[in-house]
Each structure stands twice: as structure tokens, then as C-alpha cells.
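**Q** have a look; sequence and predicted model below, questions after that.
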Amino acid sequence: MTQTPQPFSVLGLPVHLLEDYSGWLLSRLHEQLGGHVVTLNAEMSIQAERNASLASAIHQADLVIPDGSGVVLYLLFQGKRVQRCPGIELAESLLWQAGQLGKSWPVFFYGGAPGVAEIAAEVWRRRVSGLTLAGSQHGYLSPAEEEQLLQTLKDLQPRLIFVGLGVPRQELWIAQHRHICPQAAWIGVGGSFDIWAGIKSRAPAWLRNNHLEWLYRLYQEPWRWRRMLALPHFVWRALVTSLA
């Protein structure tokens, strides 16, 4: 059985350190084991300090990856040199692998504004020959519509479920409902559907490689500035912890 490595603590939250997150997750799925994957960044870490339910969901996740540059730098301050693993890149790697496995690994997209998940799913269907799409659904559902979605997931039993509801909603939603598809990998992908659908774009590689992707996101979404205040708070906490 594929073993999860011991987590390293980042402000009291677990982060699993692996050389190949995609490979580990694929091995687990081949063993008919599902799980909840959390893509941890600085903003989520600070939110978890104020949101006990989010912190609990992160602690209960099967795999927590260092998605954000802040988390990677925090680990570096603690003497752990690791490669950043953006959640969108992990999801894309899994989609390519799912295309090779065809009907045995159906994929479901849930979240985003009306129409966005559907466009993103169609983009990937065209991009990856052999990819099986179990379905897609936007994230603006009434309680009755959400119940129907849950029944659909239970009936279809997809193996990869990408949830783009934003933090902390997607993590809480997955933690609550992951039991209905126990052999699936459930991954919170934030705004990835918008990028795949062509509504937004990722930062240029040189910004990503220099830990400045957050700056590009702020440029695209200036209304996020209040949420970005979590970044200097996180950096300060990281420095204090490293000097303690």
C-alpha cells in the first residue's frame, strides 16, 4: 500500500514532502484508494488560524502539497528545500494520465461561474485524446440542485473530481462529501477552471519562478488586495518561527 510520508508542520498545518506528488497520487488511485488533496498556500494557512473547520479539513486531508511560494519559503527557512507544486499543474498532470487510462478514470469538474466548468471540460476533452469526462457543473447551485449533483456523483463514481469553489468553501465541501466517491481523488483547484476556459491567464513563467505569481493575480484581480494582506502576515510568522 502506498504510504503517505510524515507531514512537516507549517504554522501548525501539515505539508507532505514528496519528490513526485503526481506519481504518489497515481499509485494510490491504482490501488483503488481515493483521497482529499489540499493545495496549501500562505493565504489558506492564515485563514485556517481563524477558521477551525478549515484547519480540521486540512489536517484530515490525505495529501497536502506546497502550492504557494510562501509555503515553500517557510519550509526553506526551516531547512527544507522543496520544489513548489502548484495545484493547477498537479491537476493537469493527472488529466493527461487519465487520458491514457480512458474509461476507467472518468473525470468530473465542479465549480466556477455558470458555463465555465463546461468550457474547461470541453477544452480538456479536445486536448487529451482518450479522456473520459463524467460531467461538469457550475458552482452556483440551489440546495436541491446540489443534492442532485451529489446523487450524480454517487451514481457515476468518477475517479478524479476537481472542485473549483474557492477557499475555504471547496475544502469544506470536499471534506463533507468525499465519502460518496471513496475511490476518487478530490482536489480543490480554485480558479483553475477560469484559466483552462481562457477567461484568465497564469502569470508568465519568470514571475512564477521568482515567487511572484501572487503579484500577477493581484494585477488581474485588484479586489483581492485585502486578502493579499495575509501574505506579509504569513512571512512575518515564518521569520519569527525560524528564529525561535
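**A** Happy to help now that I have it. Numbering: from 1, shown residues only.

**Q** need the contact list for the closest residue to residue 182 other than its chain neighbours.
**A** Once flanking residues are discounted, residue 182 sits nearest to residue 34: 5.3 Å by C-beta to C-beta, 6 or more residues apart in numbering. Every C-beta, even on glycine, is put in place using the N, C-alpha and C of the backbone. Residues in contact with residue 34 (C-beta atoms under 8 Å, 6 or more residues apart in numbering) are 28, 62, 159, 178, 181, 182, 183, 184, 185, 186.

**Q** rerun at 6 Å
**A** The neighbourhood of residue 34, defined by C-beta atoms under 6 Å, 6 or more residues apart in numbering, consists of 182, 183, 184, 185.

**Q** what's the answer for residue 105, then?
**A** Neighbouring residues of residue 105 by C-beta under 6 Å, 6+ apart: 98, 159.

**Q** let's have the chain start at 57 instead
**A** Got it, first residue is 57 now, which makes that one residue 161.

**Q** and the pLDDT at it?
**A** Predicted confidence (pLDDT) at residue 161: the value is 90.

**Q** how near is it to residue 229?
**A** Residue 161 sits at a distance of 22 Å from residue 229 (criterion: C-beta to C-beta, to the nearest Å).

**Q** give me the neighbour count for the nearest residue to residue 104 once chain neighbours are set aside.
**A** Excluding the flanking residues, the one nearest residue 104 by C-beta to C-beta, 6+ apart is residue 111, at 4.1 Å. For residue 111, the count of nearby residues is 20 (other C-beta atoms under 10 Å).
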